[in-house]
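Novice: Structure of the sequence below:
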Amino acid sequence: MTSIVDQLSARIGAAFEAIGLPADLGRCTESDRPDLAPYQCNGAMAAARLAKKAPRAVADDIAAQLDGDALIAELEIAGPGFLNITPATSVYEAQANGIVADDRAGAALVEAARTVMIDFGGPNVAKPMHVGHLRSSVLGDSLQRLFRFRGDTVISDIHLGDWGYQMGLLVTELQSEQPDLPYFDADFAGEYPSEPPVTIEDLSRLYPQAAAAAKDNEARAALARKATAELQAGRRGYRALLAHFIAVSIAALKHDFDALGVHFDLWKGESDVNDLIPALVEDFKARGVAEKSDGAWVVRVAREDDKKELAPLILVSSQGSALYGTTDLATIQDRKTHYDPDLILYVVDLGQSDHFEQVYRAAYKAGLAVEDSLEHIKFGTVNGPDGKRLRTRAGGTFRLADLISEAYERARARLNEAGLGAELSADEFDRVARMVANAAIKFADLQNYRTTNYIFELDRFISFEGKTGPYLLYQAVRVKSIMRKAEAEGLKAGPIRITDPAEAALVRRLDGFDAALQRAYDLRAPNHICDHVYSLAQAFSSFYAACPILPEKDEAIRSSRLALAQTTLKQLEIALSLIGMDAPEKM
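Specialist: Predicted structure coming up:
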């Protein structure tokens, strides 16, 4: 479906061509002054030098070309040569009825679908998720929803941190508490227990306990390093323990992710590619991709045009250990073997920029991926009122589960304060409160461009007024209420007729959906969806205030307005789903 902006741009571009000027000068946009006209074209300003005329004279020539054009109801020349354009009512009506008939509410599919992997979430085994995981989780989830909706094949992977020194710390700490477990007996040849010897609470206690002990005790740290090496070398008991640690952690993580409405296709971790590393390292050596440097094997990734020096990626340390970069390269190889993606997106914080640049360049150099097929989707931090990373009142790490729980309690309180949900059952009220809490958290995060830091103010985010998730849910619920009443009265939607400026304004917002999705897709930035859905909700509020729907006596106008309401709801729900939000039926 061609948007009104694109239709006008094509028509005015043809007018520029007719007077011997480039068609792209006819590009239109929505007006900066909607009080003067809904659309504008500033091409005459740029055309003046080419035409060797004053901009207003060029604008006069364009206006003459467009005189009597059925697409344009009114065209005014403003100032030195700006074109202010009002489309014909028939244009609005045709566009609105096209959106009504479209199952995708005006959103197009990509021209060439790709296989896209999205690596996000990235929690560590044995560690509870904290608020720092929020942005990766909701941003990555929104991107997987958006890319799927646009027509790509998407595979999402949580990429668990389940390897390395932290696992050695856990193994040795558990051994100090329960030395008689069979996992620690190197001669044990039987079947290990199927039930884990630890709970998530145990793991949450054991890891910080072990890390603190190793920090002040070199012998304790050496013991953990030894266990890590044995684990990575394949010691049977330690591998069985690792499987338990992963299973227990995943069960706990799924609880938190389910609360956020975030889901993954793959629950793979660093450990899944460990067995690929030796062959990968040898291949890099044999092909000269890696070289020896001060006892370590490195891949040099610096380029002559670099603005700052980028250190080599260390493939194998001087102690013989593979590092995180090596694991990331093995993961790329594994993904290529099993899924052959056209694009891999890594949704990881800004602080890892240099690391990923090293990994990507090494992957390109080694032929593991083609240039520009690996992208770091960077994001900023979630901060407290002091502008620093969000912490608990005691100064500790803010657990994500605690944040979700607090948002839920605030949502319940705010619903009660607003007198909403009073007629709902206790279970339904609880479900609505969780939807409101989820909307508050997600919209607060996603409405910001991803690289910006933002201050987390739950009281503001949980409000039903202003640019918030709960406000959007309320607007969707209001439209649903209208549709239920219409159905109860036997009223039907019909062809759209534009009889009021507020109707035309709502059509313009509906018509902007595909462009908003295109920007979000191209920039990997769901804030453009957030901006669209908020402006759509506002346009509907203005329409609702100016244009009676159910009380309207004229049947054709009433059915037209019902169709506008119905289509607004369809587009609202699609857009909300793309940012991970669901609207309740009642509130």
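Novice: In the stretch 351-500 of the chain, where is pLDDT below threshold?
Specialist: 392-396 (pLDDT under 70).
Novice: Please repeat the previous calculation with a cut-off of 80.
Specialist: 390-398 (pLDDT under 80).
Novice: now the strands: where do they sit in it?
Specialist: For the stretch 351-500 of the chain, applying DSSP state E, counting those that start in this stretch gives strands covering 374-377, 382-383, 454-455.
Novice: In CSV, list these along with distance to Met45 and mean neighbour count.
Specialist: For glycine as for every other residue, the C-beta is placed from the backbone atoms N, C-alpha and C. Shown next, in CSV, are the strands of the stretch 351-500 of the chain (distance: least, C-beta to C-beta, whole Å; neighbours: other C-beta atoms under 10 Å):
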stretch, distance to Met45, mean neighbour count
strand 374-377, 36, 21
strand 382-383, 42, 19
strand 454-455, 37, 15
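Novice: Including distance to Asp67, could the ones you listed go into JSON lines?
Specialist: Listed next are these as JSON lines, based on distance: least, C-beta to C-beta, whole Å:
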{"stretch": "strand 374-377", "distance to Asp67": "48"}
{"stretch": "strand 382-383", "distance to Asp67": "56"}
{"stretch": "strand 454-455", "distance to Asp67": "50"}
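Novice: Domain map for this structure?
Specialist: The chain breaks down into these domains under automatic domain parsing: 4-87, 115-159+265-377, 165-260, 437-578.
Novice: Distance to Ala418 for those domains - can I get that in JSON lines?
Specialist: As requested, those are exported to JSON lines (distance: least, C-beta to C-beta, whole Å):
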{"stretch": "domain 4-87", "distance to Ala418": "31"}
{"stretch": "domain 115-159+265-377", "distance to Ala418": "25"}
{"stretch": "domain 165-260", "distance to Ala418": "23"}
{"stretch": "domain 437-578", "distance to Ala418": "6"}
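Novice: And for the chain, the residue most distant from the center?
Specialist: Ranked by distance from the centre of the chain (C-alpha atoms, centre = their mean), the top residue is Asp187, with 49.1 Å.
Novice: element containing that one, please.
Specialist: Here Asp187 is covered by no helix or strand, with elements defined by DSSP states H and E.
Novice: try the one 5 residues further on
Specialist: Tyr192 belongs to no helix or strand when elements are defined using DSSP H and E.
Novice: separation between the residue nearest to it when sequence neighbours are not counted and Met167?
Specialist: Residue nearest to Tyr192 in three dimensions, not counting chain neighbours: Ala240, with 4.4 Å by C-beta to C-beta, 6 or more residues apart in numbering. From Ala240 across to Met167, the span is 12 Å (C-beta to C-beta, to the nearest Å).
Novice: Same check on Asp187?
Specialist: Counting by C-beta to C-beta, the gap from Asp187 to Met167 is 22 Å.
Novice: Show the end-to-end separation of stretch 375-391, please.
Specialist: Here the two ends of stretch 375-391 are set 30 Å apart, with distance taken as C-alpha to C-alpha, to the nearest Å.
Novice: So which bits of that stretch are buried?
Specialist: Within stretch 375-391, the residues that count as buried by 16 or more other C-beta atoms under 10 Å are Glu375, His376, Ile377, Lys378, Phe379, Gly380, Thr381, Val382, Asn383, Gly384, Leu390.
Novice: Kindly report the same for stretch 314-328.
Specialist: Applying 16+ other C-beta under 10 Å to stretch 314-328 flags Ile314, Leu315, Val316, Ser321, Ala322, Tyr324, Gly325, Thr326, Thr327, Asp328 as buried.
Novice: Turn those into a markdown table, including pLDDT.
Specialist: As requested, the buried residues of stretch 314-328 are arranged in a markdown table below (pLDDT from 0 to 100):
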| residue | pLDDT |
| --- | --- |
| Ile314 | 96 |
| Leu315 | 95 |
| Val316 | 92 |
| Ser321 | 83 |
| Ala322 | 86 |
| Tyr324 | 90 |
| Gly325 | 95 |
| Thr326 | 95 |
| Thr327 | 95 |
| Asp328 | 97 |
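Novice: for the residues you listed, which one is nearest Pro128?
Specialist: Distance to Pro128, by C-beta to C-beta, is smallest for Tyr324 among these, at 21.4 Å.
Novice: mind checking how far the closest one is from Gln95?
Specialist: Taken as C-beta to C-beta, the span from Tyr324 to Gln95 is 51 Å.
Novice: same question, Ala546
Specialist: 20 Å.
Novice: Who has more neighbours out of the two?
Specialist: Gln95 (23 against 13; other C-beta atoms under 10 Å).
Novice: I'd say that one and Ile4 touch.
Specialist: Yes. Shown here, Gln95 and Ile4 form a contact pair, counting by C-beta atoms under 8 Å, at 5.6 Å.
Novice: between those two, what contacts are shared?
Specialist: Here Gln95 and Ile4 have Asp511 as joint contacts, going by C-beta atoms under 8 Å, 6 or more residues apart in numbering.
Novice: circling back: in terms of neighbours, single out the busier of Ala240 and Met167.
Specialist: Legend: neighbour count by other C-beta under 10 Å for Ala240 and Met167, higher for Met167 (27 against 17).
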